[in-house]
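have a look; sequence and predicted model below, questions after that.
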Amino acid sequence: MKNLKSKKLIGYYGFPRRSTLRSARERFGRDLEFVDLDVALGAPDSRVIQTTTCRITANIVDNAIELSRNIVAIVADVGEGKCDRGRYAAFLLREAGFNVIESRFPPEEFEDRSLVYSTSEGSLAERVDRIMGTVIHPSSSVDQTRACSPTHGFWGVPPHDFRILDIFPPTTHIYGWTRCVEAGNPGDLEMECYVDKNVPTVFFTQSFCAKQDLAHHLAEKHDGLFVDCHRNVNNSILSKVEAFIKLS
Ligand code: SF4
């Protein structure tokens with residue numbers, strides 16, 4: 001957070017259309033840095049968002065308020081690629097005085113890109129991070145990766161607290177919204193619901209997230225583990241996931 005306070009920034013969240021991100025850069029400055037407001041950047045509680053809102057929406061608003069002197073515009077994913085909370089956050093941020101550019105990624109622009117990080121071997125946290133980097137840099141060079149068969153699955157959005165990802169073995173495949181991001185298909189419900197058969201999968205959501213309904217349904221259907229978590233993960237959540245991974 002500290003190193004961001006010396007720069008002019010364009011904030012964004014979710015997966016905005018590539019063309020909207022491009023035109024924001026052309027309009028506000030090609031050399032401005034994009035900052036993903038979804039992630040935990042260490043902003044203090046702005047008290048704009050009630051406590052029973054998902055932690056990711058709270059991150060978006062808290063980060064924006066904390067960086068308000070630096071942010072020249074926010075490109076907000078308010079379409080089906082995100083969720084209604086993204087749409088409402090855009091409204092609240094506009095009310096708070098931000099220059100908000102709304103984006104809805106239409107299915108005609110789905111990219112069906114190859115899944116590299118979702119299906120390769122390696123640190124789950126690093127692969128999720130790489131996938132989220134493709135929102136701004138879709139053609140960034142792919143590090144050496146090795147495709148593997150999945151021994152386990154992680155389904156969901158990138159968590160607020162990445163420590164939960166460290167428990168998973170390197171042969172974990174990525175499903176759900178994060179996989180849709182790598183494919184360039186945000187809002188593709190069919191892809192979001194896809195998991196490989198007979199792969200023990202953890203269906204993760206932040207607490208108070210609309211995707212809990214999906215995660216719960218899919219966990220029942222595929223005999224997986226449904227886990228939700230509000231702020232930082234605690235030992236009981238970590239132990240539950242660890243036990244599921246070990247015993248399956
Ligand atoms: S955690 Fe769920 S409700 Fe919150 S912003 Fe992400 S998709 Fe939306």
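Noted; the coordinates are in hand.

alpha carbons only for contacts and neighbour counts from here, please
Will do.

element containing the residue in the chain positioned nearest to the ligand?
As assessed by CA to the nearest ligand atom, the ligand sits closest to Cys209 within the chain, at 3.6 Å. Element membership for Cys209, per DSSP states H and E: none, as it lies in no helix or strand.

counting neighbours, what do you get for it?
20 (other CA atoms under 10 Å).

now it, what are its backbone angles?
Main-chain torsions, Cys209, degrees, to the nearest 10: phi -100, psi 140.

that one and Thr57: what is the separation?
9 Å (CA to CA, to the nearest Å).

if we can go back for a sec, burial count for the nearest residue to the residue of the chain closest to the ligand once chain neighbours are set aside?
Nearest residue to Cys209 in three dimensions, chain neighbours excluded: Cys54, at 5.6 Å (CA to CA, 6 or more residues apart in numbering). By other CA under 10 Å, 21 other residues sit near Cys54.

ok now whichever strand or helix holds Gly86, how far from the chain's centre?
In the assignment (DSSP H and E), Gly86 maps to helix 84-95. Chain-centre distance of helix 84-95: 17 Å, with CA atoms, centre = their mean, to the nearest Å.

please parse the chain into its domains.
The chain breaks down by automatic domain parsing into domains covering 2-107, 117-247.

so how far is the first residue of the shortest one from its last?
Put plainly, it is domain 2-107. 37 Å.

got a list of contacts for whichever helix or strand comes after the helix holding Gly86?
With elements assigned by DSSP H and E, the helix or strand that comes after helix 84-95 is strand 100-103. For strand 100-103, contacts defined as CA atoms under 8 Å, 6 or more residues apart in numbering pick out 16-17, 20, 73-79, 90, 93-94.

distance of the residue of the chain closest to the ligand relative to Leu225?
Cys209 is 17 Å from Leu225, by CA to CA.

same question, Tyr12
With CA to CA as the criterion, Tyr12 and Leu225 are 31 Å apart.

coming back round to it: out of the contacts of strand 100-103, who's the most crowded?
Ala76 (29 neighbours).

per-residue confidence at the closest residue in space to it that isn't next to it in sequence?
Among residues not flanking Ala76 along the chain, Glu102 sits closest, at 4.9 Å (CA to CA, 6+ apart). Predicted confidence (pLDDT) for Glu102: 98.

ditto for Met1
82.

OK, contacts around it?
Leu41, Gly42, Ala43.

so which elements touch whatever helix or strand Ala24 lives in?
Taking DSSP H and E as the criterion, Ala24 maps to helix 18-28. The contact analysis (3 or more CA pairs under 8 Å, 6 or more residues apart in numbering; DSSP states H and E) places helix 18-28 against strand 71-77.

ok, residues contacting the strand it packs on?
8-16, 20-21, 24, 28, 64, 86-87, 90, 98-105.

ok, now stretch 229-238?
Cys54, Arg55, His160, Asp161, Arg163, Ile164, Ile167, Thr205, Gln206, Ser207, Phe208, Val227.

wait, which of those is closest to Gly176?
Of all those, Gly176 sits closest to Thr205, with 10.3 Å by CA to CA.

tally of neighbours for the closest residue to that closest one other than its chain neighbours?
In space, and not counting its chain neighbours, Thr205 is closest to Asp228: 4.9 Å by CA to CA, 6+ apart. Neighbour count of Asp228, defined by other CA under 10 Å: 19.

for Phe203, same thing?
Phe203: 26 neighbours (other CA under 10 Å).

I figured it hits Gly224, correct?
Yes - contact status for Phe203 versus Gly224: in contact at 6.9 Å, counting by CA atoms under 8 Å.

shared neighbours of those two, anything?
With CA under 8 Å, 6+ apart as the test, Phe203 and Gly224 both reach Leu218.
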